[in-house]
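S.K.: What follows is a predicted protein model with its sequence.
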Amino acid sequence: MITDQHFKNHMEIKEPVFSLMEEMGNSIEIELSFSKEVRYRVYDTFEDHVIKWNGQEIRVNVTLPETEWLYSFIMSFGDKVSILYPLSLKEKIIERYKIALKHYEEHTR
């Protein structure tokens, strides 16, 4: 049934995921490469101006605090992300994967 009653559309304005991250500690500049399979997550997470899409992969250049949250966030993409810069971040992620693998190997026996 059509009525004369009108409603206002209240668009929810969301803060970018990283808007408050500056308060969390030392920031580092990072460059990540994502496979197209996770394109939706990348576009949902990062602001458009830090994303470059070439049809095959997505490059993200962003400055974020180097925290445990960042490590977990990157690891949540599994093999769909590569850390291009800095090498020190890549090494820290590799070490965390090694620790996790050792943990699961020890607890499956």
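M.R.: Great, that's in hand. Keep in mind it's a predicted model, so treat the numbers as computed, not measured.
S.K.: What is the neighbour count of the closest residue to Trp53 other than its chain neighbours?
M.R.: Excluding its sequence neighbours, the residue lying closest to Trp53 (Cβ to Cβ, 6 or more residues apart in numbering) is Arg39, at 7.5 Å. Any C-beta I mention is one placed from the backbone N, CA and C, and that applies to glycine too. A count of nearby residues for Arg39, using other Cβ atoms under 10 Å, gives 15.
S.K.: and what of the one 5 residues further on?
M.R.: Applying other Cβ under 10 Å, we find 10 other residues in the vicinity of Asp44.
S.K.: rewinding a little: work out for me the element the residue nearest to Trp53 sits within.
M.R.: Arg39 belongs to helix 39-45 when elements are defined using DSSP states H and E.
S.K.: Give the residue spans of this structure that score low on pLDDT.
M.R.: 1-2, 6-24, 109 (pLDDT under 70).
S.K.: just the helices in it please.
M.R.: 39-45, 68-75, 87-106 (DSSP state H).
S.K.: on that earlier part again, report all helices and strands that the helix holding Arg39 contacts.
M.R.: strand 51-53, strand 57-65 (3 or more Cβ pairs under 8 Å, 6 or more residues apart in numbering; DSSP states H and E).
S.K.: can you rerun that using 7 Å?
M.R.: strand 57-65 (3 or more Cβ pairs under 7 Å, 6 or more residues apart in numbering; DSSP states H and E).
S.K.: Can you list the strands that the strand it packs on pairs with?
M.R.: With DSSP bridges as the test, strand 57-65 is paired with strand 27-35 (antiparallel), strand 51-53 (antiparallel).
S.K.: May I have the longest one exported as CSV, CA atoms only?
M.R.: C-alpha atoms of strand 27-35 as CSV (Å, rounded to 0.1, in the frame of the first residue of the first chain):
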residue,chain,number,x,y,z
SER,A,27,54.1,3.6,12.6
ILE,A,28,55.8,2.0,9.7
GLU,A,29,55.3,2.4,6.0
ILE,A,30,54.3,-0.9,4.4
GLU,A,31,53.7,-2.1,0.9
LEU,A,32,51.5,-5.2,0.4
SER,A,33,50.4,-7.1,-2.6
PHE,A,34,47.1,-9.0,-2.5
SER,A,35,45.7,-11.5,-4.9
